[in-house]
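>>> Here's a sequence, model it:
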Amino acid sequence: MLDVYYTYQPIQSDDFIKLVLARYYNIPNARICKSFNGKPYIEGRKIHFNLTHSKQITALAVGKNRVGFDGESLTGKERPAVLQKFTERERSEIFSTPDFYRHWTARESFIKFYGETLAALWRKVEFYQGKIYLRGEESPQKIMQFELDHYVFSVCGDYSKINLCRIDDI
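Here you go, the predicted model:
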């Protein structure tokens with residue numbers, strides 16, 4: 001089970017992570033560490049999390065297994081320059097702005113799963129027919145996608161269920 005906490009209230013990323021970890025996981029005053037590429041983690045804890053924000057939403061995915069998580073507003077604009085950086089197979093599946101952002105978030109969640117940067121892996125990753133490919137080979141990592149309030153989210157990791165929790169009292 002993966003828990004996804006989200007809010008529409010303005011809050012700094014680290015503050016939201018600390019709030020969720022204190023309130024729901026009994027980890028008060030969490031010391032957030034960052035990997036070389038900036039992926040946050042708590043040293044010595046068997047908890048994995050990944051944060052995303054887009055327009056007014058901030059969301060945090062928390063689970064027992066490694067996770068990559070990304071979300072984008074479906075009211076955003078397509079980015080023609082970025083669209084050209086998708087593979088030909090991916091472009092054959094992108095007919096609308098929501099399609100664009102489903103592909104974008106799938107790729108980014110996979111890259112965040114590994115704690116890498118877009119610059120390092122973007123051209124090596126492909127999302128096609130609901131599967132992730134790395135350097136042309138199908139990856140064992142699964143991608144789950146869901147929509148919420150005009151946002152699309154992608155989760156990369158070994159999860160089959162998602163529990164959504166909106167936080168309004170920050």
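>>> Pull the number of nearby residues for Tyr5.
For Tyr5, the count of nearby residues is 23 (other CB atoms under 10 Å). Backbone N, C-alpha and C define where each C-beta goes, glycine included.
>>> ok, it touching Val20?
Yes: at 4.9 Å, Tyr5 counts as touching Val20 under the criterion of CB atoms under 8 Å.
>>> Identify the contacts common to the two.
The contact sets of Tyr5 and Val20 overlap at 60, 62, 167 (CB atoms under 8 Å, 6 or more residues apart in numbering).
>>> On the three-state scheme, the first one is what?
The local conformation at Leu60, judged by DSSP: H, G, I helix; E, B strand; the rest coil, is strand.
>>> Return the residues in contact with it.
4-6, 16-17, 20, 49-52, 69.
>>> burial of the closest residue in space to Arg91 that isn't next to it in sequence, as a residue count?
In this structure, Arg91 finds its nearest non-sequential neighbour in Leu83, 6.8 Å apart by CB to CB, 6 or more residues apart in numbering. Other residues within reach of Leu83, judged by other CB under 10 Å, total 14.
>>> Also Cys33?
Neighbour count of Cys33, defined by other CB under 10 Å: 11.
>>> Report all helices and strands that the host helix or strand of it contacts.
In the assignment (DSSP states H and E), Cys33 maps to strand 32-34. Judged by 3 or more CB pairs under 8 Å, 6 or more residues apart in numbering; DSSP states H and E, strand 32-34 is in contact with helix 13-25, strand 40-42.
>>> where does the chain dip in pLDDT?
For the chain, the stretches with pLDDT under 70 are 78.
>>> Would you confirm that the residue nearest to Arg91 contacts Asp99?
No: counting by CB under 8 Å, Leu83 does not reach Asp99; the two are 10.1 Å apart.
>>> Spatially central residue for the protein, please.
With distances taken as CA atoms, centre = their mean, the residue of the chain nearest its centroid is Phe69 (1.6 Å).
>>> contacting residues around that one?
Phe69 is in contact with 4, 50-52, 59-61, 109, 112, 153-156, counting by CB under 8 Å, 6+ apart.
>>> Apply 10 Å and report the result again.
Neighbouring residues of Phe69 by CB atoms under 10 Å, 6 or more residues apart in numbering: 2, 4, 48-52, 59-63, 105, 108-109, 112-113, 153-157.
>>> Which secondary structure state is assigned to it?
Phe69 - assigned by three-state DSSP - is strand.
>>> Next one: it relative to Lys34, how far apart?
For Phe69, the distance to Lys34 equals 16 Å [CB to CB, to the nearest Å].
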